[in-house]
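[1] need a structure here:
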Amino acid sequence: MTGAGEEAEKAEEREKGSDSMNRTRDRHRPRGVLAALCAGLVLTVLAALAPYVDRATTHLLADHTRAGYPTYTQTEIDSAVQTYLVVLTAVGVLGAFAWLATGWAVRAGRRGARPAATLLFGLGVTVGLAGLLTRDTSGMTGLPPALGWAGMAPCVAGLVAVVLLWRRPRRTWT
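    Next up is the predicted model:
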């Protein structure tokens, strides 16, 4: 009888050890999710920098504004471009904060990580589509297509992160 009792205890200890190993593994398992979140952060920073690069090089935003508003003076065009820079910078900073907060929540295994990431993904897609598709009073989109699509690029990483998050077993995130 002692042998059977010892076997049961050993089996229980193995199970406990296996559970703690699984929890440790689960905590470190979201590498794919974290990689997608890091990619989203990088893409968001690049999208936020794109209008500044454009202003210094190709002037797509200024030319797009000039084409939509041919009667604007250069000062008015510069003012419109500056306004877009401020708005897109604010969107980029908020987006970067969202990526960092989501990454922290995922890494910490927070219960609300999946719903929060899903909500932020929906918000990001909405903001990206607004930048890409919204028409201003000239009838043209407010942003040139290249900058609009740059704003949508982080959404691809967001989609990958959300899909990977929801594919995980729920117990990992509770």
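
[2] Could you identify the helix or strand that succeeds the lengthiest helix in the chain?
    Longest helix of the chain, by residue count under DSSP state H: helix 74-108. Downstream of helix 74-108, the first helix or strand assigned by DSSP states H and E is helix 113-133.

[3] Which strands or helices does that next one pack on?
    Packed against helix 113-133 by the contact rule (3 or more C-beta pairs under 8 Å, 6 or more residues apart in numbering; DSSP states H and E) you find helix 74-108, helix 145-167. Heads up, the C-betas are built off the backbone N, CA and C, glycines and all.

[4] List the buried residues of it.
    113, 114, 116, 117, 120, 121, 124, 127, 128, 131, 132 (16 or more other C-beta atoms under 10 Å).

[5] tell me how far it is from the chain's mean position?
    What separates the centre of helix 113-133 from the centre of its chain is 8 Å, taken as C-alpha atoms, centre = their mean, to the nearest Å.

[6] per-residue confidence averaged over that helix?
    Regarding helix 113-133, the rounded mean pLDDT is 96.

[7] how about it as PDB, C-alpha atoms only?
    Taking Å, rounded to 0.1, in the frame of the first residue of the first chain, the C-alpha atoms of helix 113-133 are listed here in PDB:
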ATOM      1  CA  ALA A 113      -5.400  42.100 -23.000                       C
ATOM      2  CA  ARG A 114      -7.400  40.400 -25.700                       C
ATOM      3  CA  PRO A 115     -10.500  42.600 -25.600                       C
ATOM      4  CA  ALA A 116      -8.400  45.700 -25.200                       C
ATOM      5  CA  ALA A 117      -6.200  44.800 -28.200                       C
ATOM      6  CA  THR A 118      -9.400  44.000 -30.200                       C
ATOM      7  CA  LEU A 119     -10.900  47.400 -29.300                       C
ATOM      8  CA  LEU A 120      -7.700  49.300 -30.100                       C
ATOM      9  CA  PHE A 121      -7.400  47.400 -33.400                       C
ATOM     10  CA  GLY A 122     -10.900  48.500 -34.300                       C
ATOM     11  CA  LEU A 123     -10.100  52.100 -33.400                       C
ATOM     12  CA  GLY A 124      -6.800  52.000 -35.400                       C
ATOM     13  CA  VAL A 125      -8.600  50.700 -38.500                       C
ATOM     14  CA  THR A 126     -11.200  53.400 -38.100                       C
ATOM     15  CA  VAL A 127      -8.600  56.100 -37.800                       C
ATOM     16  CA  GLY A 128      -6.600  54.600 -40.700                       C
ATOM     17  CA  LEU A 129      -9.600  54.400 -43.000                       C
ATOM     18  CA  ALA A 130     -10.600  58.000 -42.000                       C
ATOM     19  CA  GLY A 131      -7.200  59.200 -43.100                       C
ATOM     20  CA  LEU A 132      -7.300  57.200 -46.300                       C
ATOM     21  CA  LEU A 133     -10.900  57.800 -47.400                       C
END
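
[8] Nothing else from me, thank you.
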